[in-house]
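Participant: When you get a sec, could you give me coordinates for this:
(one chain, ligands or ions: 1)
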Amino acid sequence: MERHQHRVLLLATDDRDREGLTYLLALRGIAVVPARSSEAALDALRADAGFCLIVVDAPPAGAAALPILATDRTRRLPAVVARAPGSEAAEDDTARGCHLLAKPVDPDAVRALLVRDCPASHARSRASFA
Ligand SMILES: [Zn+2]
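Facilitator: Numbers count the residues shown, from 1 in each chain. A predicted model of the protein is given here:
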């Protein structure tokens, strides 16, 4: 029986943020599809329905959680937005059901969210988070 591998769509405009987090998540056995722009992220979502989670690392200041989170396709996916809490945009993100993480993104926090929110891991992992 094949084990489920988590797949994350990572949108980060900063090259170092994107490459660093991709590496740290890969070390934890999480497959990452990196995207450097909202357009690239949308393309990835259209091409691949197998994502467990969307991680948005520091969208441009003032921009609330991104067009990608407003599409029908992505609304059902849990999403994480990494940015400074307390900003107006952060409140918008929270209102849309996004998790907020502080920067720099803690890869273990991302993994914990996957364990909690990934539909494929729900059945077997729910007990440990109850
Ligand atoms: Zn998963």
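Participant: Report pLDDT for the closest residue in space to Gly29 that isn't next to it in sequence.
Facilitator: Leaving out its chain neighbours, the residue that sits closest to Gly29 by Cβ to Cβ, 6 or more residues apart in numbering is Gln5, at 6.9 Å. For the C-beta atoms, the positions are set from N, CA and C on the backbone; glycine is no exception. At Gln5, the pLDDT value in this model is 92.
Participant: repeat for Ala123
Facilitator: 54.
Participant: one step back: for the residue nearest to Gly29, give me its contacts.
Facilitator: 29-31 (Cβ atoms under 8 Å, 6 or more residues apart in numbering).
Participant: Filter the residues you listed down to just the buried residues.
Facilitator: Ile30 (16 or more other Cβ atoms under 10 Å).
Participant: Can you tell me how far the residue nearest to Gly29 is from Ala31?
Facilitator: Using Cβ to Cβ, to the nearest Å, we find Gln5 at a distance of 6 Å from Ala31.
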